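Asks: whatever this is, show me its structure:
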Amino acid sequence: MEDNTKDSLSLKILRVLLISTPFLSTLIYIPGFTFPGSFPKAIFLYIAVSIILVVWLINIYRSGVVVFKKNWITIAVFVYILVLFIGGVASGHFEESFFGAISRMTGIATMLYISGWYLVASSVLKPHHFTYVFRTLLFSGAILAVISFLGINGFNLKAFSFLEQGGSLFSNNTFSGIYYVFAFFFGAILFTKKDSLKWQISYALAMLVILINPDIFNFQIWQNIGMVKELFSHPLLVLGTARASAAVMGIGIILTLVLYVIHRIRVSALVKGVLFSFIMLVLIGISLGFVGSTIAQKGFGADFFASQNDFHRPTAWKQVASGFSNRPLLGYGINNVEYAFQDTLGPEIPFIKGDKWFDKAHNIWLDLALETGILGILSVIILFILACWYSFKHYRDTRDISLPLVLLLLVLHLIQIQTSFNLVTSMFMIFILFAYVSSFSGEEISYSISSHRTKLITLCALAVLIIGAMIFTAIIPAKHSRELVGALVSANFERRMNMYKSSYSIYGYSAYYVYFVTEQFTNALLENPAEFDNDEARKGIAVEYNAMIDLYEAHYNQYRDNLRYNMNYAHTIFIARLFGVDRLDRAGALIARAQELSTRIPQVFWLASLHAKYTGNEKLALEEADKAIVLCEAVRAKFDENQLGHFCGVSYSLRGFLEKTKGLKNKLYFHLQEV
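Replies: Reported below is the predicted structural model:
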């Protein structure tokens, strides 16, 4: 039996792939995709991990031995994924759980690929190999930080105008801030290694670039040094555009020094472990207290949001949190917070400022509770406890301070996403830390495969499975996304029509695609009405809207229980009506279904009112519009005018439209810009 640890060519290639994949995945940015901040990164990860798994199989074939680290972390990881599968199936919306939204890419598929990297990395890479992993991630963070200096929150260079929200190549400064915290503290971990002075200088410079970039440090201070004196009276001015991440980075720097002091004092490893644990528990306790206070709308969490004039998020948290009681054991399924949201949706959410549909709870604890239920929460807690156990165990054996720093980084991340959520990149970073902890385990489980025929059959079968999964989850969605974007910007009618038809059978991300194509086309009409003001153009528009409606219908069974899908579908029919497309009967059925799902928001009544108007029942139209106004008045009593958004105005405008056009027989239309 050959030793699997020998540096064969396949093993060297495998290590290079494992080390380079995290580095490259963070730098991937393809503007042609519909959501460049996340989708291309995930697609690259899917393909890269598939290649890693195939090379791993080849290495197993060569050596005849399968080797795994003997620890409970790996088992806990796959138990968590099993819980996600069970919850996704039980939710009735498994496809959404499996793929996730294209704008988030946090579905079961992503977890499987990340877990695949973890499984191979924890088995193949030794602790010293992770020095290279952490180096690449620190320097990728520095590269991203430099880019953020050049974008909208920094020097505003025209070449980087594509960074509309700042945030470097993540397209959003919140998401980039999350990554910067990981990258910065990977640098702190690297400082614990016995590297040369030139490497330590490189680490320090990279960490400095990350620390002072506009997403972490207020760039206005660099532009106006006189602001420094204001920091003494208003220290929060130092925070960059990613405020939560900037604050967490500051806290983390202080606690890293505290951990180092504890590490250096001459007490037993047990006492040090207790002190480390106490710090972690205090941080987690503060995090939970923050959420509880916000939901209860009293205490330091509620006070914080009030100081930020943010009434929308606490209101949403309070409403959405009640969804946990609907499905406490398994939750709604990962990536199905939208269903919990619509089940608990009240009129406060749309009427107050910041009206949005929540596809995530924007809080790690609520997301866990709503998406995965008690079983999911327990599996995550167990996974974290096991990471703590092995970290302290290995620290006791090796006195390697990097292991407590790993735990600190995990807890800092928990605090960091109290007002956000994980993306594919941050989930990958978490599993890299798990793999690092697992790599310290000295015990291994090995399985020998002596039969050449068995090895060949197993290799071929698994390789076909991996490549098939890659095509299904990565190649097909990426190809379709490129075709979709290309068709929408091509100004080619036939190309767009082919795109609609090809989208009928696409699985995964389809709801997002449907919203995207209808919004893009409708916005083009509204922005350039003169270009379409002729008989030939109007006929083509009618054909195109018929194709869009058919696309909605093709995926309707999958989204029949989705309130937003029903309303967007009906709204599209109303727009198509202007061009001679008569699908009002279908719109009536969709609105009736929407009312079965919720009558607690004004949009349902707006659509019902307009449907009645367009079908000639003006009395019913006024009654439905009045129901939206009743919701508005109920909310108006709870909030002042500065806290209310524009939805009250829409409700009253609709009522005015109905009164002014009463009795008119020509084809009338009232555009609802937001549904």
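Asks: what element comes up after the helix ranked longest in the chain heading to the C-terminus?
Replies: Of all the segments of type helix in the chain, defined by DSSP state H, the longest one is helix 364-398. Past helix 364-398, further along toward the C-terminus, the next helix or strand under DSSP states H and E is helix 402-416.
Asks: buried ones in that following helix, by neighbour count?
Replies: By neighbour count on 16 or more other CB atoms under 10 Å, the buried set for helix 402-416 is 402-416. Every residue, glycine included, has its C-beta placed from N, CA and C.
Asks: orientation of that helix relative to helix 364-398 in degrees?
Replies: 170 degrees (axes from the mean of the first three to the mean of the last three CA atoms, to 10 degrees).
Asks: so, low pLDDT: which residues of the chain?
Replies: Counting by pLDDT under 70, the ranges of the chain that qualify are 1-6, 34-35, 354-356.
Asks: domain parsing for it?
Replies: 9-452, 480-660 (automatic domain parsing).
Asks: off-centre distance for the last one?
Replies: Taking the mean C-alpha point of domain 480-660 and that of its whole chain, the gap between them comes to 26 Å (CA atoms, centre = their mean, to the nearest Å).
Asks: so how far is the first residue of that domain from its last?
Replies: Counting by CA to CA, to the nearest Å, you get 46 Å between the two ends of domain 480-660.
Asks: the first one too?
Replies: Chord length of domain 9-452, first to last residue, is 20 Å (CA to CA).
Asks: residues near the nearest residue to residue 72 once chain neighbours are set aside, how many?
Replies: Leaving aside its sequence neighbours, residue 72 sits nearest to residue 386 (CB to CB, 6 or more residues apart in numbering; 5.1 Å). Using other CB atoms under 10 Å, residue 386 has 20 neighbouring residues.
Asks: I figured residue 386 hits residue 76, correct?
Replies: Yes - assessed by CB atoms under 8 Å, residue 386 is found in contact with residue 76 at 5.3 Å.
Asks: picking up where we left off before, any idea which of the buried residues of helix 402-416 is closest to residue 377?
Replies: Residue 377 lies nearest to residue 414 out of the buried residues of helix 402-416, by CB to CB, at 12.8 Å.
Asks: and the closest one, what is it in contact with?
Replies: Counting by CB atoms under 8 Å, 6 or more residues apart in numbering, residue 414 makes contact with 283, 284, 287, 364.
Asks: picking up where we left off before, figure out which of the domains of the chain is closest to residue 667.
Replies: Shortest distance between residue 667 and the domains of the chain, using CB to CB, is found for domain 480-660: 7.2 Å.
Asks: residue 665: neighbour count?
Replies: The burial count for residue 665: 7, using other CB under 10 Å.
Asks: next one: it from residue 655, what distance?
Replies: Taking CB to CB, to the nearest Å as the measure, residue 665 falls 20 Å from residue 655.
Asks: check residue 670 too.
Replies: In terms of CB to CB, residue 670 sits 11 Å off from residue 655.
Asks: same check, this time on residue 645
Replies: 17 Å.
Asks: also residue 275?
Replies: Distance from residue 275 to residue 655, by CB to CB: 64 Å.
Asks: go on, residue 626?
Replies: Separation of residue 626 from residue 655 (CB to CB) stands at 7 Å.
Asks: between these two, which one's more packed in?
Replies: For residue 626 versus residue 655, the count of surrounding residues by other CB under 10 Å is larger for residue 655: 17 against 14.
Asks: and for the more buried one, nearest residue in space, chain neighbours not counted?
Replies: Once flanking residues are discounted, residue 655 sits nearest to residue 625: 4.7 Å by CB to CB, 6+ apart.
Asks: that neighbour and residue 656 touch, don't they?
Replies: No - Residue 625 lies out of contact with residue 656 (CB under 8 Å); the separation is 9.4 Å.
Asks: can you pull out the strands in the stretch 51-200 of the chain?
Replies: Taking DSSP state E, counting those that start in this stretch as the criterion, the stretch 51-200 of the chain carries its strands at 65-69.
Asks: now the helices for it?
Replies: Ranges of helices within the stretch 51-200 of the chain are 72-91, 94-99, 108-124, 130-150, 173-191, 197-211, based on DSSP state H, counting those that start in this stretch.
Asks: can you lay out these as JSON lines showing distance to residue 520?
Replies: As requested, those are arranged in JSON lines below (distance: least, CB to CB, whole Å):
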{"stretch": "helix 72-91", "distance to residue 520": "30"}
{"stretch": "helix 94-99", "distance to residue 520": "21"}
{"stretch": "helix 108-124", "distance to residue 520": "26"}
{"stretch": "helix 130-150", "distance to residue 520": "27"}
{"stretch": "helix 173-191", "distance to residue 520": "23"}
{"stretch": "helix 197-211", "distance to residue 520": "36"}
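Asks: of all the ones you listed, which lies closest to residue 587?
Replies: helix 94-99 (24.2 Å).
Asks: dump the closest one to PDB, restricted to CA.
Replies: Taking C-alpha atoms only, helix 94-99 is exported to PDB below (Å, rounded to 0.1, in the frame of the first residue of the first chain):
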ATOM      1  CA  PHE A  94     -36.600  22.400  -2.700                       C
ATOM      2  CA  GLU A  95     -35.400  23.900  -5.900                       C
ATOM      3  CA  GLU A  96     -35.000  27.300  -4.300                       C
ATOM      4  CA  SER A  97     -33.300  25.700  -1.300                       C
ATOM      5  CA  PHE A  98     -30.900  23.800  -3.600                       C
ATOM      6  CA  PHE A  99     -29.900  26.600  -6.000                       C
END
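Asks: that helix packs against which elements?
Replies: Helix 94-99 sits against helix 72-91, helix 108-124, with contacts defined as 3 or more CB pairs under 8 Å, 6 or more residues apart in numbering; DSSP states H and E.
Asks: show me the residues around the closest residue to residue 263 other than its chain neighbours that make contact.
Replies: The spatially closest residue to residue 263, leaving aside those adjacent along the chain, is residue 401, at 4.6 Å (CB to CB, 6+ apart). For residue 401, the contacting residues are 192, 259, 260, 263, 395, by CB under 8 Å, 6+ apart.
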